[in-house]
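>>> structure of the sequence below:
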Amino acid sequence: MTSSTAPEPTPTPRTARLGPLRRMTARSRDEEHRVASPLELFFDLCFVVAIAQAGMQLVHAVAAGHAGEGLLNYAMIFFSIWWAWMNFTWFSSAYDNDDALYRVVTLVQIAGVLVLAAGVSQAFEHHVYTAVWLGYVIMRFALIAQWLRAARGAQGPEKTMALRYAGGVFLCQIGWLGLLVLPQSGRPWVFLVMALAEMCVPLYAEKDFVTSWHPHHVSERFGLFTIIVLGETIAASTVAVKSAVDEHDALRELLPIAAGGLLIVFAAWWIYFVVPIHGHLRSNRQSFLWGYGHYLIFSSAAAIGAGLEVAVEEAVGKTQISTLAASAAVTLPTALYFLTVWLLHARHFKVGIAQQLVLPMTALLVILCTFLGSWAVLAAGIVAALSVVVGLALTARTGTGEGAGTAERETLEA
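Here you go, the predicted model:
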């Protein structure tokens, strides 16, 4: 995406309710009280079903000693889920008219991700991508229909932009056929090329006209999805601990993992929401880079849950990997999460070198916790919790934090 200053569309009032079908026109970027709709929340919840399936397969791959292959498959599957979710999120922020047809097409996209979720195990275990590809087709063609509908209600550069989106998504979908027809050794290259092509579509489509996405709405949608992913991490970890206790009566061995995992998730939530990031999203260049970076935030947050499951299985002797490898399954995605949140969120609001170093140093210390054997997860959790405490103390001492966010927003708006 670019920081183009092209004119934005003139929105139609949201309150115009003329029937079950309404003209799809752009909403205002300055619309007040813009929040996520019930349909968007339902959309997010259904997408997490696919994320849960990807996480489960990652657990099986890592626990069986196939971490490299499992991570590659996880990265590919997670990209398809995340990219379809993100495309819908940005489209809905600009064009959601909430009529009957919009709702039906959105439900079709939900059906697509459920089809994709059903094929995740086949993709991981047998490298058969038919169901995954079919689910992606359903989601993407539904999005094409939405962009064509937006183009019908637009004129001039806005119409061109919408048609570019529709055409770009269609051409990329043809490219993804390579996952079905090429040999297994060529599929990672197909994924790399097509992932880059997908992310170039918005850059091309909006080079002359910028969609009227809503900063507060977009940041809320990403925040809510982060909460749901972290919730799935807690749920998966809880089920793993419960099963291990029921089957092996190993509560003493599992308590450090459970406590450390909980501290990690609590800290992960805290550092994500400690700053009002919507004030930073003022141009396509800022917001699209921020949105693309969430691939790492979402995938690492989900991988933390998978890592905790692996650590639980290793503690009760159900895996073929070492304690070091099981610990790394938790600490590495945790460190990646902390570092990415710092890059995308926190660094814009920190004042002074001490505040800036808190999260990068936390990521480094969490990685070092990997070598603490059976205490690695608990130690990582304590480090994560201490990072929150240190951050709060530094903010209180310097009198920054929320005020720094406000100051930056005022600077950006000026």
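>>> please name the residues that touch Ser37.
Counting by CB atoms under 8 Å, 6 or more residues apart in numbering, Ser37 makes contact with Asp96, Asp98. Any C-beta I mention is one placed from the backbone N, CA and C, and that applies to glycine too.
>>> Asp98 versus that one, what's the distance?
Distance of Ser37 to Asp98, given as CB to CB, to the nearest Å: 7 Å.
>>> same question, Leu45
Using CB to CB, Leu45 is found at 18 Å from Asp98.
>>> now the stretch 301-414 of the chain, which segments are flagged as low pLDDT?
Applying pLDDT under 70 to the stretch 301-414 of the chain flags the ranges 399-414.
>>> 50 instead?
Where the stretch 301-414 of the chain drops to pLDDT under 50, the residues are 401-414.
>>> from the centroid of this structure, which residue is nearest?
For the chain, Phe298 is the residue whose C-alpha lies nearest the centre (CA atoms, centre = their mean; 3.4 Å).
>>> which SSE is that one in?
Using DSSP states H and E, Phe298 maps to helix 284-315.
>>> what comes up buried for that helix?
Within helix 284-315, the residues scored as buried using 16 or more other CB atoms under 10 Å are 284, 286-288, 290-292, 294-315.
>>> compute the inter-axis angle for the lengthiest helix in the chain and helix 284-315.
If you go by DSSP state H, the chain has its longest helix at helix 215-248. For helix 215-248 against helix 284-315, the angle by axes from the mean of the first three to the mean of the last three CA atoms, to 10 degrees is 10 degrees.
>>> pull out the buried positions in helix 215-248.
Buried residues in helix 215-248, defined by neighbour count with 16+ other CB under 10 Å: 215-226, 228-234, 236-237, 240-241, 244-245.
>>> next one: stretch 94-105
Ala94, Tyr95, Asp96, Asn97, Asp99, Tyr102, Val105.
>>> endpoint to endpoint, that stretch covers what distance?
Length of stretch 94-105, first residue to last, CA to CA, to the nearest Å: 16 Å.
>>> how about the helices in the stretch 301-414 of the chain?
Taking DSSP state H, counting those that start in this stretch as the test, the helices found in the stretch 301-414 of the chain are 323-344, 352-368, 376-398, 402-413.
>>> export the longest one as PDB, just CAs?
As requested, C-alpha coordinates have been extracted for helix 376-398 and formatted as PDB (Å, rounded to 0.1, in the frame of the first residue of the first chain):
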ATOM      1  CA  ALA A 376      11.500 -23.000  31.000                       C
ATOM      2  CA  VAL A 377       7.800 -22.200  30.500                       C
ATOM      3  CA  LEU A 378       7.400 -20.900  34.000                       C
ATOM      4  CA  ALA A 379      10.500 -18.800  33.700                       C
ATOM      5  CA  ALA A 380       9.300 -17.400  30.400                       C
ATOM      6  CA  GLY A 381       5.900 -16.600  32.000                       C
ATOM      7  CA  ILE A 382       7.600 -14.800  34.900                       C
ATOM      8  CA  VAL A 383       9.800 -12.800  32.400                       C
ATOM      9  CA  ALA A 384       6.700 -11.800  30.400                       C
ATOM     10  CA  ALA A 385       4.900 -10.700  33.600                       C
ATOM     11  CA  LEU A 386       7.900  -8.700  34.800                       C
ATOM     12  CA  SER A 387       8.100  -6.900  31.400                       C
ATOM     13  CA  VAL A 388       4.600  -5.500  32.100                       C
ATOM     14  CA  VAL A 389       5.600  -4.400  35.600                       C
ATOM     15  CA  VAL A 390       8.800  -2.800  34.300                       C
ATOM     16  CA  GLY A 391       6.900  -1.100  31.500                       C
ATOM     17  CA  LEU A 392       4.300   0.300  34.000                       C
ATOM     18  CA  ALA A 393       7.000   1.500  36.300                       C
ATOM     19  CA  LEU A 394       8.900   3.300  33.600                       C
ATOM     20  CA  THR A 395       5.700   4.900  32.300                       C
ATOM     21  CA  ALA A 396       4.800   6.100  35.800                       C
ATOM     22  CA  ARG A 397       8.300   7.500  36.400                       C
ATOM     23  CA  THR A 398       8.500   9.400  33.100                       C
END
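>>> tally of neighbours for the residue nearest to Ala63 when sequence neighbours are not counted?
Closest residue in space to Ala63, ignoring its immediate chain neighbours: Thr319 at 4.2 Å, by CB to CB, 6 or more residues apart in numbering. Residues within reach of Thr319, counting by other CB atoms under 10 Å, total 22.
>>> name all residues that make contact with Thr319.
By CB under 8 Å, 6+ apart, Thr319 lies in contact with Ala63, Ala64, Gly65, Val310, Glu313, Ala326.
>>> likewise Leu180?
Neighbouring residues of Leu180 by CB under 8 Å, 6+ apart: Tyr129, Thr130, Trp133.
>>> now, of the residues you listed, which are buried?
Neighbour-count burial (16+ other CB under 10 Å) applied to the contacts of Leu180 gives Tyr129, Trp133.
>>> now secondary structure and pLDDT too, for the contacts of Leu180, in TSV please.
Below are the contacts of Leu180 laid out as TSV (DSSP: H, G, I helix; E, B strand; the rest coil; pLDDT from 0 to 100):
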residue	secondary structure	pLDDT
Tyr129	coil	89
Thr130	helix	91
Trp133	helix	92
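>>> re the thing from before, how near is the residue nearest to Ala63 to Ala376?
Thr319 sits 15 Å away from Ala376, going by CB to CB.
>>> burial count for Arg347?
Applying other CB under 10 Å, we find 14 residues neighbouring Arg347.
>>> now the residue nearest to it when sequence neighbours are not counted: how far from Thr398?
Of all residues not flanking Arg347 in the chain, Gln356 sits nearest, at 6.2 Å (CB to CB, 6+ apart). Distance from Gln356 to Thr398, counting by CB to CB: 12 Å.
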